[in-house]
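Colleague: starting from these lines, generate the structure:
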Amino acid sequence: MSPSLIGPAVGSGSSSPRCRPGATPYPFAVDVERAIADCRRLGTDMLRIGMAPMSELRTEDTVVDYAKRTEKAPQSLAGEDITLCYDNHHVEFAKINGTFILDILAEEAQSMGREIDVHWVQRGGLDPVRTLQKYADRTAMVHLKDYRIGALSEDGVEAYDANPWNETFMAHFLGVVQFAELGEGNLDFASIVPTAMDAGAKYLLVEQDRLYGRTVFEAPATSHRNLVALGFKDLF
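Modeller: Numbering: from 1, shown residues only. Sure thing, here's the model as predicted:
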């Protein structure tokens, strides 16, 4: 069955007061019955961890420890036919002792699937198509989100004119990367979408973190229009 571009998925919550000290802070890891009930009520068979706490990603030991604790959740949910996935950002493509954090998580939490976000893959310095192919065996969801280089602000131009390559200018210079409507940035969705489907993704989720003055209605309308123009109308 072909994946849907928009489908139900439940994200992890914030810290739960029921978590024991040292436990992963996502409620479903310590309250599986609640997680199952939430999924049944919402009609979804998928959960995701939106991002690990930054304190868990500091060293190889903390990453491994976090992954081992987190692994208990997908194992508990598997009997209920509920899949748990991890949603990457760019920080998981930092290397510790030559290995991506995302790969350490995958190795130590082998029951956990992936929710690949192509914008953050690009921001992490990797190619989205090759990354989807690499992680095809466990990718259940894909975030479709474009990557755009915006214009340097007037403040940035003035900072450069005042003193080229100063700290203020560099902050503006490095901050031109933007989230974008699909088809309005630099990513090749004509290749990304078929690759995501070949990778076995059940849902392709259109997402945009910031709108830069556009409305929540205008942005998805633009993404929809551009995806249709690329030939993906039947996926909606």
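Colleague: every contact and neighbour count from this point should use C-alpha atoms.
Modeller: Fine.
Colleague: low-confidence ranges in this protein?
Modeller: 1-30 (pLDDT under 70).
Colleague: which residues in it form helices?
Modeller: Secondary structure of the chain (DSSP state H): helices at 27-30, 32-42, 60-78, 101-108, 118-123, 128-134, 154-162, 167-174, 189-198, 218-229.
Colleague: of the ones you listed, which is nearest Arg148?
Modeller: Of all the helices of the chain, helix 118-123 sits nearest to Arg148, with 9.3 Å by CA to CA.
Colleague: what's the closest one packed up against?
Modeller: helix 128-134, strand 139-144, strand 146-149 (3 or more CA pairs under 8 Å, 6 or more residues apart in numbering; DSSP states H and E).
Colleague: hey, which of those is tucked in deepest?
Modeller: strand 139-144 (a mean of 25; mean count of other CA atoms under 10 Å).
Colleague: name the residues that touch that strand?
Modeller: 85, 113-119, 132, 182, 196, 199-207 (CA atoms under 8 Å, 6 or more residues apart in numbering).
Colleague: buried ones among these?
Modeller: Neighbour-count burial (16 or more other CA atoms under 10 Å) is assigned, among those, to 85, 113-119, 132, 182, 196, 199-207.
Colleague: related to what we said a few turns ago, now intersect the contacts of strand 139-144 with the strands, please.
Modeller: Counted as lying in strands by DSSP state E, out of these, are Cys85, Gly113, Arg114, Glu115, Ile116, Asp117, Tyr203, Leu204, Leu205, Val206.
Colleague: for Ala190, see how far away the residue nearest to the last one when sequence neighbours are not counted is.
Modeller: Take Val206 and drop its neighbours on the chain: the residue closest to it by CA to CA, 6 or more residues apart in numbering is Leu144, 4.9 Å away. As defined by CA to CA, to the nearest Å, Leu144 lies at a distance of 12 Å from Ala190.
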